[in-house]
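> dropping the sequence and predicted coords here.
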Amino acid sequence: MNQWIHPSVKIGNGTTVGYFSVVEEDVVLGDNVTVGNHVTVHAGTHIGDGTMIADNAVIGRWPRPAKTSTVKVDADLPGLKIGGGGTIGANAVLYRGSTIGDNVLIGDQALVREKCLIGDDVVIGCQVAVENQVEIGSRTKIQTNAYITAYSRLEEEVFIAPGVTTTNDNFMGRTEKRFQLIRGPIIKQGARVGGGAILLPGVVVSTESFIAAGAVVHRDTEPATVYIGVPARSHRPVPREEIRNG
C-alpha cells in the first residue's frame, strides 16, 4: 500500500508502479509501462506501451501561471498524451495539454509546458526547458540546458546544441504592442544551431543552415549556409557532404 492509484485508472499488462507514486483519475497506462518511485501522474494522462517514467517525475500537471503572465489557461485543456517506447527522466516535469510522440527521450530535470506538439524519435536533453505552444518535428535533438521559448517551431531533424537560447519578445515585457508581435524562431528541416547561440524573436533559420557556436542570429538565414559572429553573418556554404542526402 505504498502507492495511491485511483480506481478509474486503466493499467495494461506488465505495467508496474513504484513506491510512493500517485496516479490520479482517468489515467491510461499502456502495456509494459514502468512508473518509478515518487512519481505523480495527473488526471487524464495517457501513456503509451513500453514507456518508462523515472523517479520523481511529474506528469500531466495543470499550468498555473502568475497573475501577471500573458499565458491564459484553458479550462478544457486535454490530458497529456505520451506515445509508446519513450523515456521520461528523473525529476522531469511535463504539463497537461501537450502531445508527445513515440520513442521520445526527455532527460532528467527537463520541462515541457502545455500545448506543445512533439514528434517521434525526438531527444530533449537534461535540464532543457520547452515553453508553451512549441512544435518540435520528428528526429530533432535538443541538448542539455537549451531554452526553447514559447511559440517556436522546430521542424524535422533539427539539431540544437547545449546552451542555445531562443527568444520571442523584442520589447522584453513592456508595452501593449508586444502582445501582437510575440513570436519565437522557426528552425527549418535539418538546420543546426551551435552551442551557446542566441536566436532573436521571429527569425527563420533556413533548411540546412549551420549556426556557429556563440552566434547571435538577428535576421533570417539562407539555406545550407554557415553563419558566424555577433551579429551572425554569412561565412561560407555548408559542405555538400554535410547536407542530408547531399
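Structure's in. What do you need? Numbers count the residues shown, from 1 in each chain.
> in this protein, which helix or strand is least confident?
Lowest by mean pLDDT, DSSP states H and E among the helices and strands of the chain is helix 178-181, with a mean of 77.
> for it, buried residues please.
Buried residues in helix 178-181, counted by 16 or more other Cβ atoms under 10 Å: Arg178. In this view, the C-beta of every residue, glycine as well, is placed from N, C-alpha and C.
> for it, name the packing helices and strands.
Counting contacts by 3 or more Cβ pairs under 8 Å, 6 or more residues apart in numbering; DSSP states H and E, helix 178-181 packs against no other helix or strand.
> after it, which helix or strand is next? Please name it.
The element immediately downstream of helix 178-181 (helix or strand, assigned by DSSP states H and E) is strand 186-187.
> what is the rounded mean pLDDT of that next one?
If you average the pLDDT over strand 186-187, you get 98.
> neighbouring strands - and their directions - for it?
strand 153-154 (parallel), strand 204-205 (parallel) (DSSP bridges).
> winner for burial among the ones you listed?
Most buried of the strands paired with strand 186-187 by mean neighbour count (mean count of other Cβ atoms under 10 Å) is strand 153-154; its value is a mean of 24.
> ok so, going back, hmm, who's touching the least confident helix or strand of the chain?
Helix 178-181 is contacted by residues 70, 169-171, 201-202 when judged by Cβ atoms under 8 Å, 6 or more residues apart in numbering.
> could I have it exported to CSV, CA atoms only?
The C-alpha coordinates for helix 178-181 follow below in CSV (Å, rounded to 0.1, in the frame of the first residue of the first chain):
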residue,chain,number,x,y,z
ARG,A,178,4.3,43.3,-27.8
PHE,A,179,1.2,41.1,-27.4
GLN,A,180,0.6,41.2,-31.2
LEU,A,181,4.3,40.7,-32.0
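> how far does stretch 69-79 sit from its chain's centre?
17 Å (Cα atoms, centre = their mean, to the nearest Å).
> just the CA coordinates of it, formatted as CSV?
The C-alpha coordinates for stretch 69-79 follow below in CSV (Å, rounded to 0.1, in the frame of the first residue of the first chain):
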residue,chain,number,x,y,z
SER,A,69,1.5,36.3,-17.1
THR,A,70,0.4,36.7,-20.7
VAL,A,71,-0.5,32.9,-20.7
LYS,A,72,-4.2,32.1,-20.3
VAL,A,73,-5.1,28.6,-19.1
ASP,A,74,-7.9,26.8,-21.0
ALA,A,75,-10.4,25.3,-18.6
ASP,A,76,-10.9,22.4,-21.0
LEU,A,77,-7.2,21.7,-21.6
PRO,A,78,-6.9,18.0,-22.5
GLY,A,79,-4.8,15.5,-20.7
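> buried ones in it?
Quick answer for stretch 69-79 (16+ other Cβ under 10 Å): 77-79.
> could you chop this structure up by domain?
Domain assignment for the chain, taken from automatic domain parsing, gives 1-67+77-119, 140-246.
> for Ile186, list the residues it contacts.
Counting by Cβ under 8 Å, 6+ apart, Ile186 has contacts 152-153, 155, 202-205.
> the domains of the chain into CSV, with extra columns for distance to Cys126?
CSV is the format used below for the domains of the chain (distance: least, Cβ to Cβ, whole Å):
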stretch, distance to Cys126
domain 1-67+77-119, 4
domain 140-246, 5
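> what about the closest residue in space to Asn132 that isn't next to it in sequence, how many residues nearby?
Nearest residue to Asn132, sequence neighbours excluded (Cβ to Cβ, 6 or more residues apart in numbering): Arg113, at 4.1 Å. The burial count assigned to Arg113 is 22, neighbours taken as other Cβ atoms under 10 Å.
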